[in-house]
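Trainee: Structure, please.
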Amino acid sequence: MMSTTFDRHVVLIVDDKPDNLAMLSDSLDESGHIVLVATDGISALERLDYITPDLILLDAMMPGIDGFETCKRIKLIKSVNHVPVVFMTGLTETEHVVRGFEVGGIDYVTKPIKPQEVVARIGAHIKTARMMSQARGMLEHAAHAVIVLSGNGLPLWQTSKASLWLEKYFPVGAGASTGHKLPALLQSWLNESLVRQRQGGGDIRPLVTTQGDCELRVALSAPGQGQEITLLLEEKNLAAGIAAGAGTALLHAAVQGSADAAIPPMAPGSVHLTPRESDVLAWLGKGKTNRDIAEILGMSPRTVNKHLEHIFVKLGVETRSAAAVLASSLQQMPTPRSGSGLLQ
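Mentor: This is a model prediction of the structure:
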């Protein structure tokens, strides 16, 4: 599928009236948009196989499949279901307006069309959609996967990592998600958690499920200002955790030392680190990221990374996790403070 990477925004207009198409096309072209047209729902869906517009302007009443059904089908296409849809309609009754929102529309304009109003609405919605897209892109690279639901518990959107994990941990035939619904097990946990949250029932336990050597934890985020519900998903490799535990046990054995031990006891004073390196290692052992450590110790993340390179060499390890395990094994030392000389 073609990706719309033009500086000008692409708008797909779907209307069976040639006069409406001509008027809207001229107005949008003059305002700097690239305009694509379709005269019915089927041809609009076919165009979406080749290009992803920035916004779809959709007539509600058309021959064949109407705008409501067209929008419903668009929202089932994974590659374009994020594209905002604005309805054009002469139907101003509440039931028609509500139906437009129910099938995935984000706004509507009434006929007769006022070109300047349409252009203004389109610009605002495209700007919002671009900001949302950037936010989702940042989330895709985060450690957690995210699912955002409406106030009634129906999924609004989710990161691709969340989709993969739902398929992995809730396979077909085991309460898997269908369409726009959560898996049965997850939905049941969510309903109970929301009740506890509204009743002020204290901490809400995450949902934990396993698949082979991996574990998925689903946590309910604290309520924000809006009505949306946010779920945070995190996957852990249990096998890696067991290996880390075994490594910690070996390190503790080394610290204890014995007459028969081939490895000399590793005491805090035996690792020759600078005060700054000691602080970095201590906070690393407490699970802090480079950015966290930088803020705590008043240095840049790049400086933290440089200290870690020296620490790896001095400790004889190659990975961050190995250094963290070693640091955790030496937690008999006092709580780290900025400028302290731990492990010196």
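
Trainee: Other residues contacting stretch 123-132?
Mentor: 9, 31, 54-55, 82-84, 86, 106-107 (CB atoms under 8 Å, 6 or more residues apart in numbering). In short, each C-beta sits where N, CA and C put it, glycine included.

Trainee: what do you get if the cut-off is 6 Å, keeping everything else the same?
Mentor: Stretch 123-132 is contacted from outside by 9, 54-55, 84, using CB atoms under 6 Å, 6 or more residues apart in numbering.

Trainee: for the record, mean pLDDT for that stretch?
Mentor: In this model, stretch 123-132 has an average pLDDT of 83.

Trainee: just stretch 59-76 next, same as before
Mentor: 92.

Trainee: Name the residues of that stretch that are buried.
Mentor: The neighbour-count check on stretch 59-76 (16 or more other CB atoms under 10 Å) flags 59-62, 65-68, 70-75 as buried.

Trainee: quick one, strands of the stretch 101-250 of the chain?
Mentor: Ranges of strands in the stretch 101-250 of the chain, per DSSP state E, counting those that start in this stretch, are 107-110, 145-149, 155-158, 207-211, 214-220, 229-237.

Trainee: can I get the contacts of stretch 123-132 in a markdown table with distance to residue 116 and pLDDT?
Mentor: Output for the contacts of stretch 123-132, formatted as a markdown table (distance: CB to CB, whole Å; pLDDT from 0 to 100):
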| residue | distance to residue 116 | pLDDT |
| --- | --- | --- |
| 9 | 17 | 86 |
| 54 | 19 | 91 |
| 55 | 16 | 93 |
| 84 | 19 | 92 |
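
Trainee: what's the closest of the strands of the stretch 101-250 of the chain to residue 35?
Mentor: strand 107-110 (16.1 Å; CB to CB).

Trainee: Tell me which helix or strand comes right after the lowest-mean-pLDDT helix or strand in the chain.
Mentor: Within the chain, confidence by mean pLDDT, DSSP states H and E is lowest for helix 238-256 among all helices and strands, at a mean of 54. Per DSSP states H and E, the first helix or strand lying C-terminal to helix 238-256 is helix 275-285.

Trainee: chain center to that following helix: distance?
Mentor: 31 Å (CA atoms, centre = their mean, to the nearest Å).

Trainee: about what we covered before: so of the strands of the stretch 101-250 of the chain, which one's packed in deepest?
Mentor: Comparing the strands of the stretch 101-250 of the chain by mean neighbour count (mean count of other CB atoms under 10 Å), strand 145-149 comes out on top with a mean of 21.
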